[in-house]
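# Give me a model of this one.
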Amino acid sequence: MDPLATDFVHIGSILAGFHNNKAVKVRGWVHRSRTSGGLAFIVVRDSTGVLQCAVKKDAAGDKGFEDATSAFVESTIMLEGIVKEDKRAPGGFELAVEKVQLIGKGEPFPIAKDQSVEFLLDTRHLWLRSQRLTSIMKSRYLIMKYLREFFDSEGFWELAPPMITGAACEGGSTLFEMDYFGQKAYLTQSSQLYAEVFTTALEKVYVLAPSFRAEPSRTVRHLCEYWHLEPEMAFYDQKMNMELQEKMLVHVAQRMATNHADLLQSLGRDPDKLRKIKGPFKRMTYSDAVELAISRGANIKMGQDIGADEEALLTKDEDKPVFVTNFPKDIKAFYMREDPGNPGTVLNADVLAPEAHGEIIGGSERIWEYDELMARIAEQHLNPKDYYWYIDLRKYGPFPHSGFGLGIERLVKWMLGLDHIRDAIPFPRTINRLYP
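Residues are numbered from 1 along each chain as shown. Presented below is the predicted three-dimensional model:
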């Protein structure tokens, strides 16, 4: 058998019942195996599933049986045989093997049962082959696919901003600084400011790209490098902005629950939890949220930012996300527009996911008038020279606009019910992890 031949079938098509009682060839990696006398059971995986393969010595021959029984876990293997329906086998089908050939035996796989979290992170390049992480990465792809599908249906354009910038977007203390040919530069904290540029030409745009935050946080929901979805919309006020966010989350949740219930269930996630994600979402002001959190035992004062503990209390007993609006101006970013009807607060909203997953979206109306922007820059002691091009947008054809930022890994963590954000990205970058 030629491993590069095109007549191999995917295991998923066998498990779907398309090849019952037919001769097929499969190729993949040994997931597990056991041998008893002249019979070996080799469970083989490929990108679409796992299949039990029964290898009898008298059917496969001495060489084939030797290849099957000497293969290590994760050895690469090819098998040919007849598909048989068997309810006892994983997935309900088994391959009665007639030919076996090792492509690459390799060495004994270093990962066994009951390994520590740190060891699994050190061997992440190997552990990504696990069924759980494979299912998570498939789900992550699908969630991002449905996000793009949503924005396509809403008439948005996807853009590609720079990852190397000359100024902060969210605050100087969390910047990764670098030398850029003798100039001080930074890895981007957010692509928002660049996305705003394109609203002047394309009206509704979004960026889906990495962002970097040098936050010394050791929590289950913080990463130093994460993927950031950042839409910006011309002529949107905060109400329209929130309605778009709500519609987007409902779209993705319903698509996942309807189209991929089996994938969710393989991760221990009940699809019904996502089916409940329907609008309208509850809305509360920052002031009301702080009072509610205090009533539920939180140690927070008015004027302080809402943290993970308070977010968990605010979403207690909720089965869908909650909006918290109108945060104090002093604790929010310089570009957020002050609420004319509630001075001292900004026209913003955070989306808190239920089940204590916390904030997944932050959005606001953007300051679009020159005088207000310059005043805010001065209030926050920023250097206008660092933002000259951004300020220019308020000089030449200014207009009302809004936008938001969504953390992809936080969304994945919530939708899949994961315990830790590090499993929502292939190679997590945290305060204490740069390898592999």
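
# and residue 354, how many neighbours?
20 (other Cβ atoms under 10 Å). In this view, the C-beta of every residue, glycine as well, is placed from N, C-alpha and C.

# Same question for residue 328.
Neighbours of residue 328 (other Cβ under 10 Å): 15.

# beta partners for it?
residue 345 (DSSP bridges).

# residue contacts, it?
By Cβ atoms under 8 Å, 6 or more residues apart in numbering, the contact list for residue 328 reads 286, 303, 344, 345, 346.

# What segments of the stretch 201-350 of the chain are strands?
Assigned by DSSP state E, counting those that start in this stretch, the stretch 201-350 of the chain shows strands spanning 204-212, 225-234, 282-285, 322-325, 348-353.

# before we move on, the earlier item: quick one: which of the contacts of residue 328 is most hemmed in?
Tallying neighbours with other Cβ under 10 Å puts residue 346 at the head of those, with 26 neighbours.

# How about that residue, nearest residue that isn't a chain neighbour?
Nearest residue to residue 346, sequence neighbours excluded (Cβ to Cβ, 6 or more residues apart in numbering): residue 336, at 4.0 Å.

# Pretty sure the one you found sits against residue 368.
No - if you go by Cβ atoms under 8 Å, residue 336 and residue 368 don't touch, sitting 11.3 Å apart.

# of those two, who's got more company?
residue 336 (21 against 18).

# Who is the more buried one paired with across the strands?
residue 366.

# OK, contacts around it?
329, 346, 347, 348, 364, 365, 366, 367 are the contacts of residue 336 under Cβ under 8 Å, 6+ apart.

# cool, and residue 226?
Contacts of residue 226 by Cβ under 8 Å, 6+ apart are 210, 211, 213, 407, 408, 409, 410, 425.

# now residue 111: how far from residue 75?
14 Å (Cβ to Cβ, to the nearest Å).

# Comparing the two, which shows the higher neighbour count?
Per other Cβ under 10 Å, whichever of residue 111 and residue 75 has more neighbours is residue 75, with 22 against 14.

# Who are the contact partners of that one?
Applying Cβ under 8 Å, 6+ apart, the residues contacting residue 75 are 29, 30, 102, 104, 105, 106.

# doesn't residue 348 make contact with residue 332?
Yes - using Cβ under 8 Å, residue 332 is in contact with residue 348, at 6.1 Å.

# Quick check: neighbours shared by those two?
Residues touching both residue 332 and residue 348 (Cβ under 8 Å, 6+ apart) are residue 364.

# neighbour-wise, which of those two wins?
The residue with more neighbours, out of residue 332 and residue 348, is residue 348; 25 against 21, by other Cβ under 10 Å.

# what's near enough to touch that one?
By Cβ under 8 Å, 6+ apart, the neighbours of residue 348 are 238, 325, 326, 327, 332, 336, 362, 363, 364, 365.

# try 7 Å this time
Neighbour list for residue 348: 325, 327, 332, 336, 363, 364 [criterion: Cβ atoms under 7 Å, 6 or more residues apart in numbering].

# Can you spell out the domain ranges of this structure, please?
In terms of domains, the chain is parsed into 11-104, 122-424 (source: automatic domain parsing).

# Redo those domains as TSV? Include mean pLDDT and distance to residue 5.
Listed next are the domains of the chain as TSV, based on pLDDT from 0 to 100; distance: least, Cβ to Cβ, whole Å:
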stretch	mean pLDDT	distance to residue 5
domain 11-104	97	8
domain 122-424	96	23
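
# Redo those domains as CSV? Include distance to residue 433.
Formatted as CSV, the domains of the chain follow (distance: least, Cβ to Cβ, whole Å):
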stretch, distance to residue 433
domain 11-104, 24
domain 122-424, 8
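
# of all these, which lies closest to residue 115?
Comparing the domains of the chain against residue 115 with Cβ to Cβ, the closest turns out to be domain 122-424 (8.0 Å).

# before we move on, back to that, and the contacts of residue 328, which two are the farthest apart?
Going by Cβ to Cβ, the pair spanning these furthest: 303 and 346, at 13.5 Å.

# Please identify the helix or strand for residue 364.
strand 358-365 (DSSP states H and E).

# Could you list the residues in contact with that strand?
221, 237-238, 241, 245, 308, 311-312, 336-337, 346-353, 402-407, 410-411, 414.
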